[in-house]
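K.L.:
structure for this input, please:
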Amino acid sequence: MLQSNSKSQGTQEGYRGYMKEETVFWAGMNPNLEFRYAGVAPEPIQTWDEASRKYVDPIVGYRYPVVQEAKGDGAKVFRQNPVMVRVDGAPVNLSFGDLITFSGMLGYRNKSYKYSFQAESVQKVK
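P.N.:
As a prediction, the model looks like this:
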């Protein structure tokens, strides 16, 4: 039986409709462990106005470049390239190398193996 595209899961639940926690694990990260901040300042995300076909002034969130160090068998340390995690809301004051944690981190992978990550909030580890 066919379903209407206007009632897709993504439009009913927002980004939670298509982003899943297991995708973060598939990307080789553990959302429950600490991440290391790998940027100078969070990248602002502006609102897109479809009518004028440009970005408008209100900032809706920030992207944080992060890496996670994972130890494998034989105490071998694996390092990854930085990934961007989107967090809606006000920015957190971070310095390069700070340890941070995300709550509610979810991920999405498209057909060409490109990942997108989003979290509900970011906290600096003391």
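K.L.:
quick one: the helices in this protein?
P.N.:
9-13, 21-26 (DSSP state H).
K.L.:
worst average pLDDT in the ones you listed?
P.N.:
Lowest mean pLDDT within the helices of the chain: helix 9-13, a mean of 43.
K.L.:
quick one, what contacts Arg53?
P.N.:
Neighbouring residues of Arg53 by CB atoms under 8 Å, 6 or more residues apart in numbering: there are none. The C-beta positions use only the backbone N, C-alpha and C, and glycine is treated the same way.
K.L.:
no no, Lys54
P.N.:
For Lys54, the contact set (CB under 8 Å, 6+ apart) comprises Trp48.
K.L.:
and it, what pLDDT?
P.N.:
Looking at Lys54, its pLDDT reads 87.
K.L.:
pLDDT weak spots in the chain?
P.N.:
1-17, 70-79 (pLDDT under 70).
K.L.:
can you pull the contacts of the residue lying closest to Gln123 once chain neighbours are set aside?
P.N.:
Using CB to CB, 6 or more residues apart in numbering and skipping the chain neighbours, the partner closest in space to Gln123 is Thr101 (5.3 Å). If you count contacts by CB under 8 Å, 6+ apart, Thr101 has them with 33-35, 122-123, 125.
K.L.:
so which of these are in strands?
P.N.:
35, 122-123 (DSSP state E).
K.L.:
can you pick the most crowded of those residues?
P.N.:
Phe35 (26 neighbours; other CB atoms under 10 Å).
K.L.:
quick one: contacts for the residue lying closest to that residue once chain neighbours are set aside?
P.N.:
Counting by CB to CB, 6+ apart, Phe35 lies nearest to Val66, which is 4.0 Å off, once chain neighbours are set aside. Counting by CB under 8 Å, 6+ apart, Val66 touches 35-38, 82-85, 100.
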